[in-house]
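Asker: What shape does this take:
(2 chains)
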Amino acid sequence: MSSNAEKGFPISHVVGFLISLILTFAAAWIALKTTLSIKVIMWIIGSLAVFQAGLQLVMFMHMTEGEDGKVNIINITYGAFMAAVIVLGSIWVLTSGHAAH
Amino acid sequence: MSANLTASSDLPLEYQSEQSKMNILGFWIFLGAEIVLFATLFGVYGVLAERHAGGPTQQDIFVIKDVLIQTVLLLTSSFTCGIAIFEMRRNRLKGLITWLVITLLLGGGFLFMEINEFIHYVHEGAALQTSAFTSSLLVLLGTHGAHVALGIGWAILIIMQLLKRGLTTETTRKTFIIGLYWHFLDVVWIFIFTFVYLEGLVG
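Answerer: Here you go, the predicted structure:
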């Protein structure tokens, strides 16, 4: 168990929190203070968001621990896949698809 | 309390009964469904975000400073909630309850900011029925905010049980599950922050 490795001080929580704060402000800075194209900005901050979400799932929610850790990973990965299909699929069909005609 | 901990293996208390394991697994499956629920709302917003119908746009109404404050409040509350579970696993009831209360205060602060944000939007002429953009925006934000409000009420009930019964296999399982729920709300917020607020202010 990961909890046994850190008896006295919640080091993984503190590290996860600091990384999350850095990612949040990095995303805001890249989005608002740089002159990159919108496409590049969205790819960068989108990746940062996915990374930060993964961080929360593993470091704060202990997704991978316990006997059902593997089931959790499959379940959440499937949920994320469905989310991507729903969001990107809707935008693709209703925006880009429409614009092609 | 400590007698419970020595009962079996080195598993945390919340995993020590078959019922608890099933409940935690079940809650993870519920979170999978929640991901899809929010995905539908993100999908709607993604499609309708540029349909302003002559009304206010993202750049007219979003206030980046307030958004950052909300983000830090919720992110910090997710962290303090993690510390609460950490304390629970060290068998410290007092620490657990203290950090849970801090978590709820931060969550309450977030909710206060969000309600003010909605009032600000309405004053700016961006109400629920103004345009497809404002409808989809407020439904997405409102669904998340409603989850936070529900989480606060739920956590208060859990704290009352903890005060009454202490750390048992049941109360630790319930506390762990509300913890999962709370972290999940922060995960959703990361995507709202990125794909609603930041994208809106860039584009």
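Asker: if I look at residue B:108, how far off is chain A?
Answerer: With distances taken as CB to the nearest CB, to the nearest Å, residue B:108 is found 20 Å from chain A. The C-beta positions use only the backbone N, C-alpha and C, and glycine is treated the same way.
Asker: ok, residue 28 - contacts?
Answerer: No chain specified, so I'll use chain A. With contact taken as CB atoms under 8 Å, 6 or more residues apart in numbering or on different chains, residue A:28 is in contact with B:64, B:68, B:198.
Asker: that's the other chain; I wanted chain B
Answerer: Residues in contact with residue B:28 (CB under 8 Å, 6+ apart) are A:63, A:68, A:71-72, A:75-76, B:180.
Asker: tell me the pLDDT at the residue positioned nearest the centre of chain A?
Answerer: In chain A, the C-alpha closest to the average C-alpha coordinate belongs to residue A:50, at a distance of 2.1 Å (CA atoms, centre = their mean). Here, the pLDDT recorded for residue A:50 equals 94.
Asker: now swap in residue A:78 and tell me
Answerer: Among the per-residue scores, residue A:78 holds a pLDDT of 94.
Asker: dump the residue contacts of the closest residue to it other than its chain neighbours.
Answerer: Across the structure, with CB to CB, 6 or more residues apart in numbering or on different chains as the measure, the residue nearest residue A:78 apart from its sequence neighbours is residue B:32 (6.6 Å). Remark: with contacts taken as CB under 8 Å, 6+ apart, residue B:32 is in contact with A:75-76, A:78-79.
Asker: State the next helix or strand along the chain beyond the lowest-mean-pLDDT helix or strand in chain A.
Answerer: With mean pLDDT, DSSP states H and E as the measure, the helix or strand of chain A carrying the lowest mean pLDDT is helix A:2-5 (a mean of 46). Toward the C-terminus, helix A:2-5 is succeeded by helix A:11-33 as the next helix or strand (DSSP states H and E).
Asker: quick one: average confidence on that following helix?
Answerer: Average pLDDT, helix A:11-33: 92.
Asker: Check stretch B:69-87 too.
Answerer: Confidence for stretch B:69-87, expressed as mean pLDDT, is 95.
Asker: and residue 18, how many residues sit next to it?
Answerer: Went with chain A since none was named. For residue A:18, the tally of surrounding residues (other CB atoms under 10 Å in any protein chain shown) stands at 11.
Asker: actually chain B
Answerer: Burial measure for residue B:18: 8 neighbouring residues, criterion other CB under 10 Å.
Asker: ok, back up a step: list only those of the contacts of residue B:32 flagged as buried.
Answerer: By neighbour count, with 16 or more other CB atoms under 10 Å in any protein chain shown, the contacts of residue B:32 hold A:75-76, A:79 as buried.
Asker: now the residues you listed in JSON lines, with secondary structure and distance to residue B:49?
Answerer: As requested, those are arranged in JSON lines below (DSSP: H, G, I helix; E, B strand; the rest coil; distance: CB to CB, whole Å):
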{"residue": "A:75", "secondary structure": "helix", "distance to residue B:49": "29"}
{"residue": "A:76", "secondary structure": "helix", "distance to residue B:49": "26"}
{"residue": "A:79", "secondary structure": "helix", "distance to residue B:49": "23"}
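Asker: Nearest to residue A:25 among these?
Answerer: Taking CB to CB as the measure, residue A:76 is the one of the buried ones among the contacts of residue B:32 closest to residue A:25, at 26.0 Å.
Asker: can you tell me which residues contact the closest one?
Answerer: Contact criterion CB under 8 Å, 6+ apart gives A:57, A:63, B:28, B:31-32, B:35 as the residues in contact with residue A:76.
Asker: can you do 7 Å?
Answerer: Residues touching residue A:76, when contacts are defined by CB atoms under 7 Å, 6 or more residues apart in numbering or on different chains, comprise A:57, A:63, B:32.
Asker: What is the burial count for residue B:111?
Answerer: By other CB under 10 Å, 19 other residues sit near residue B:111.
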